[in-house]
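J.: Below are the sequence and a predicted model for it; my questions follow.
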Amino acid sequence: MKTNKTSIPVALTIAGSDSGGGAGIQTDLRTFAFHCVHGTSAITCITAQNTLGVFRVDAMPSEAVIAQIRAVVEDIGVQAAKTGMLLNQEIILAVAQEVRTLQINNLVVDPVMVSRTGAQLIDDDAIQTLRHELIPQAAIITPNRYEAQILSGLEIVSLEDMQNAAQIIHKNLGTKAVLVKGGGMSGGLKGVDVWFDGERLEILRTKQVETKNTHGTGCTLSAAITANLALGKDLWTAVQEAKEYVTTALTYSLDIGKGQGPVGHFFPLLEK
Ligand SMILES: Nc1ncnc2c1ncn2[C@@H]1O[C@H](COP(=O)(O)OP(=O)(O)O)[C@@H](O)[C@H]1O
Ligand SMILES: Cc1ncc(COP(=O)(O)O)c(N)n1
């Protein structure tokens with residue numbers, strides 16, 4: 001049988017495993033695949049997790065995280081990368097060092113600290129390291145409401161607060177662009193995100209999707225941005241298209257488990 005040798009963009013996710021398959025590495029790889037981007041991974045930790053919550057977290061040794069990143073980048077090469085749940089200070093330092101040394105470009109940092117169910121997903125001392133070592137190397141960071149509060153020091157209840165937080169985070173943390181996500185907001189702001197890149201302050205609005213099944217929205221959005229960057233799109237286009245992708249995935253979210261089910265990626269197949 002003849003094989004087709006296909007050249008394809010490659011993206012890397014450096015993140016945690018979600019046993020329930022709704023967030024983390026599992027949803028990142030799925031998102032890459034639905035963008036026709038080859039997905040590679042460096043696993044930072046293993047969570048025992050389902051639609052009801054996170055029950056246990058086991059960290060990978062930082063040397064194992066470093067080895068995975070090097071194995072991928074030195075052989076296959078990546079056009080874009082994202083970070084998700086990095087868990088502790090040692091892993092964040094290791095990742096920041098590798099990103100610098102291997103000159104990984106197009107880095108999307110999803111500063112996973114607190115889930116929308118309120119579960120803390122990172123050690124307290126790791127937040128400072130994330131802020132000073134990794135975020136300055138990012139093309140874009142994508143904090144949710146609670147993460148934006150931690151990074152900006154502002155309490156966020158209104159659209160104006162989201163706009164102020166995006167500007168403060170951009171000024172203080174040295175990233176090229178910031179997207180403050182509104183999934184944790186109330187008062188009609190759930191589908192509303194705020195972008196700031198030092199020049200343009202933009203509001204990305206979509207319809208608010210009425211579903212309890214929102215597990216994995218943040219991971220899906222940052223993975224879709226990463227996939228779009230790997231495909232060669234500029235940052236603003238990558239964000240706009242990723243926002244459309246996550247909105248559709250929410251519309252097709254999966255009613256599985258007893259709690260918050262995951263967003264659904266199978267919409268192109270279901271619509272056939
Ligand atoms: N109910 C909803 N309707 C429409 N968009 C939503 C809804 N919930 C979340 N989103 C969108 O999903 C993306 C992820 O945001 P968010 O849920 O705040 O992130 P995280 O999962 O990190 O907490 C954002 O683009 C946000 O606007
Ligand atoms: C392993 C892992 N990584 C990230 C998240 C955040 O998920 P969400 O996209 O719902 O904010 C999670 N719950 N588990």
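T.: Alright, I've got the coordinates. Numbers count the residues shown, from 1 in each chain. Ligands and ions are numbered 1, 2, ... in the order given.

J.: Enumerate every residue touching residue 151.
T.: Each residue near residue 151 by Cβ atoms under 8 Å, 6 or more residues apart in numbering is listed here: 111, 131, 143, 165, 169, 172, 173. C-beta: built from backbone N, CA, C; applies to glycine.

J.: Show the backbone phi and psi for residue 67.
T.: With angles defined as degrees, to the nearest 10, residue 67 sits at phi -60, psi -40.

J.: Correction: the previous question concerned residue 131.
T.: Torsion angles, degrees, to the nearest 10, at residue 131: phi -60, psi -50.

J.: show me what contacts it?
T.: So residue 131 contacts 151, 173 (Cβ under 8 Å, 6+ apart).

J.: Test for you: state the pLDDT assigned to residue 121.
T.: With respect to pLDDT, residue 121 has a value of 74.

J.: one step back: most neighbours, which of the contacts of residue 151?
T.: Counting neighbours by other Cβ atoms under 10 Å, residue 111 comes out on top of the contacts of residue 151 with 29 neighbours.

J.: what about that one, distance to residue 34?
T.: Computed as Cβ to Cβ, to the nearest Å, the residue 111 to residue 34 distance reads 24 Å.

J.: same check, this time on residue 144
T.: Between residue 144 and residue 34 the distance is 22 Å, computed by Cβ to Cβ.

J.: re the thing from before, which member of the contacts of residue 151 is positioned nearest residue 89?
T.: In terms of Cβ to Cβ, no member of those lies closer to residue 89 than residue 131, at 11.4 Å.

J.: can you map out the helices along the stretch 1-150 of the chain?
T.: 24-34, 62-71, 89-101, 124-129, 145-152 (DSSP state H, counting those that start in this stretch).

J.: Need the winner for burial among the ones you listed.
T.: With neighbours taken as mean count of other Cβ atoms under 10 Å, these reach their highest mean count in helix 24-34, at a mean of 24.
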